[in-house]
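Novice: next one to model:
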Amino acid sequence: MELIRSPEEVPLYNLVPVRGPDGEILESYRGVQRLDNHRVVSVVSDRYGLVGHRDVALAVHAIGEALDKPEAGLQGTEINARLTRESIKLYAGGRRMEVKLVIGRKFKLDSGNEFFPGVRVVNSMDSFCALKMSVFAVRLACVNQLHAGIGNVMEFRELHLASGEDLLGQLQRATHEVLERFDDALAIFAEAMNDYIPVTEFVPALESAGIPRRHVSRMAEQLPEYFGSTLWGTLSRWDAYGIASQVLTHEVRVNPDRERMMERAAARALLLEGVAAEGGELVPA
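Specialist: Presented below is the predicted three-dimensional model:
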């Protein structure tokens, strides 16, 4: 995995011919070549439309610059809440890129729970996932990434952006829609704060959702009721999710695809019990 310091340092790519075993050019295919090291990171069909990693990173950066202004007039704005920051990661040999942007718009649920929305944009130099956006929340108190997850909350409905045409405009519209609907996520958080589960359900719920046992065991060790192998009592879904997200954010080191899968699994296991029955559409990890 490569950490990139700025959008301008994201490598450029182009399409090159692909040759068969006898040296002949295969007209139906193109190679995606990384220009800084000349490696071909993937082979795609001749219909593939290249959306460059740098173009995506620059577009996300431009959105952050525009939104990091109190006069933008969006809900959640506070002059002292400017926390906009971004991170850029290349992985899978540079075939894929993840850009995370935390937007400096603070949303307040109560005196102890303040959140900043963030967008995650993933671009792929193959036809597997193309360009898409999802959304997360950062809790100010602990800087964990927190996810809410019914279908009408946009952190779980990925936005598949079909082409590089008007890339900035597509991302801007999606980000503004996220901010307009972020209160829906806060409603899920608030409900979880008042919904209690037996502590004994914590481990099986996470394991059933697909989180590896070694990570779940580490989460269980953070429970206030943890004494050796004995668990008892109750805790709110919100506190349970906070413990899980603490470990996933600060202790688990995996590629962004795997990270996102486990974050969504934890949300599904601990935040969303009963939400589907109330009309929410769950999106699988």
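
Novice: and the residue nearest to residue 14 when sequence neighbours are not counted, how far from residue 17?
Specialist: Nearest in space to residue 14, with sequence neighbours left out and distances taken as Cβ to Cβ, 6 or more residues apart in numbering, is residue 33 at 5.8 Å. Every C-beta, even on glycine, is put in place using the N, C-alpha and C of the backbone. To residue 17, residue 33 is 10 Å away according to Cβ to Cβ, to the nearest Å.

Novice: that older thread, the residue nearest to residue 14 and residue 42 touch, don't they?
Specialist: No. Between residue 33 and residue 42 there is no contact under Cβ atoms under 8 Å: 9.5 Å.

Novice: ok, these two, which is more surrounded?
Specialist: residue 42 (21 against 17; other Cβ atoms under 10 Å).

Novice: low-confidence stretches in the stretch 151-285 of the chain?
Specialist: Residues of the stretch 151-285 of the chain meeting the criterion pLDDT under 70: 151-165, 225-232, 273-285.

Novice: all helices of the stretch 51-200 of the chain, in order?
Specialist: Here the stretch 51-200 of the chain has its helices, by DSSP state H, counting those that start in this stretch, at 53-67, 167-180, 182-193.

Novice: turn those helices into JSON lines, columns for mean neighbour count and distance to residue 243.
Specialist: As requested, the helices of the stretch 51-200 of the chain are exported to JSON lines (neighbours: other Cβ atoms under 10 Å; distance: least, Cβ to Cβ, whole Å):
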{"stretch": "helix 53-67", "mean neighbour count": "20", "distance to residue 243": "30"}
{"stretch": "helix 167-180", "mean neighbour count": "17", "distance to residue 243": "26"}
{"stretch": "helix 182-193", "mean neighbour count": "19", "distance to residue 243": "13"}
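
Novice: what residues sit buried inside the host helix or strand of residue 245?
Specialist: Residue 245 belongs to helix 237-250 when assigned by DSSP states H and E. Neighbour counts over helix 237-250 (16 or more other Cβ atoms under 10 Å) mark 237-249 as buried.

Novice: list the helices and strands it packs on?
Specialist: Counting by 3 or more Cβ pairs under 8 Å, 6 or more residues apart in numbering; DSSP states H and E, the packing neighbours recorded for helix 237-250 are strand 145-146, helix 182-193, strand 196-198, helix 213-220, helix 256-270.

Novice: and the second one, what other elements does it pack with?
Specialist: Going back to what we said before, that points to helix 182-193. Short answer (3+ Cβ pairs under 8 Å, 6+ apart): helix 182-193 packs on strand 107-110, strand 113-124, strand 131-139, helix 237-250.

Novice: again, but for the third one
Specialist: The elements that strand 196-198 packs onto, with contact taken as 3+ Cβ pairs under 8 Å, 6+ apart, are strand 234-236, helix 237-250.

Novice: which of these sits closest to residue 97?
Specialist: Nearest to residue 97 among the helices and strands packed on strand 196-198 is helix 237-250 (20.3 Å), distances taken as Cβ to Cβ.

Novice: so residue 256 touches residue 99, yeah?
Specialist: No. Between residue 256 and residue 99 no contact is recorded; they are 10.0 Å apart, counting by Cβ under 8 Å.

Novice: touching both of the two, which residues are there?
Specialist: Common contact partners of residue 256 and residue 99 (Cβ atoms under 8 Å, 6 or more residues apart in numbering): residue 122.

Novice: which one's more surrounded, those two?
Specialist: Neighbours per residue (other Cβ under 10 Å) separate residue 256 from residue 99, with residue 99 holding more: 26 against 18.

Novice: correct me, but the more buried one touches residue 88?
Specialist: Yes. Using Cβ under 8 Å, residue 99 makes contact with residue 88 at a distance of 5.2 Å.
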